[in-house]
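Enquirer: Predicted model, plus sequence, below.
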Amino acid sequence: QVQLVESGGGLVQPGGSLRLSCVASGSIRAINTMGWYRQAPEKERELVATIPSGGSTNYADSVKGRFTISRDNAKNTVYLQMNSLKPEDTAVYYCKAEGVVISGILYASNYWGQGTQVTVSS
């Protein structure tokens, strides 16, 4: 089975930075696309950024120029560097893995982590 574990969330002042990490574990050979999503109170979950195994990254307009997504395929890990944080970035941030190869079989399912809280406040 695939498990995703996020870390790096916390409380930060406006203008500050945080770096989120997400490690995927299991008998994983490869992951097609990894991404970050977030959900603020009383709002729907929304895309923050995605990164395919070999292609261009994609960002929500609200985070372009401030957030950077990257991944380490050897470690099955995805990162989200968040700079110039704003109060409206406050949310639970979730990691997602899509298209996971296990023992030579591609599983098209989406796998989610449990989330990590990011709070931007003075």
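Expert: Arrived safely, thanks for sending. Predicted model only: the values in this text are computed from it and were never measured. Numbers count the residues shown, from 1 in each chain.

Enquirer: Assign Arg29 to helix, strand or coil.
Expert: Put simply, Arg29 is strand when judged by DSSP: H, G, I helix; E, B strand; the rest coil.

Enquirer: what's near enough to touch it?
Expert: 101-104 (C-beta atoms under 8 Å, 6 or more residues apart in numbering). Glycine gets a C-beta too; all of them are placed from N, C-alpha and C.

Enquirer: between those residues, which is nearest Gln3?
Expert: Ile102 (12.2 Å; C-beta to C-beta).

Enquirer: Which parts of this structure are strands?
Expert: Ranges of strands within the chain are 3-7, 10-12, 18-25, 28-39, 46-52, 58-59, 67-72, 77-82, 91-102, 105-112, 116-120, based on DSSP state E.

Enquirer: from what I can see Pro87 touches Pro14, true?
Expert: Yes. Assessed by C-beta atoms under 8 Å, Pro87 is found in contact with Pro14 at 6.1 Å.

Enquirer: any idea how far Val23 is from Ser53?
Expert: 16 Å (C-beta to C-beta, to the nearest Å).

Enquirer: Neighbour count: the two, which is higher?
Expert: The residue with more neighbours, out of Ser53 and Val23, is Val23; 16 against 13, by other C-beta atoms under 10 Å.

Enquirer: where does the chain have low pLDDT?
Expert: Across the chain, nothing is flagged by pLDDT under 70.
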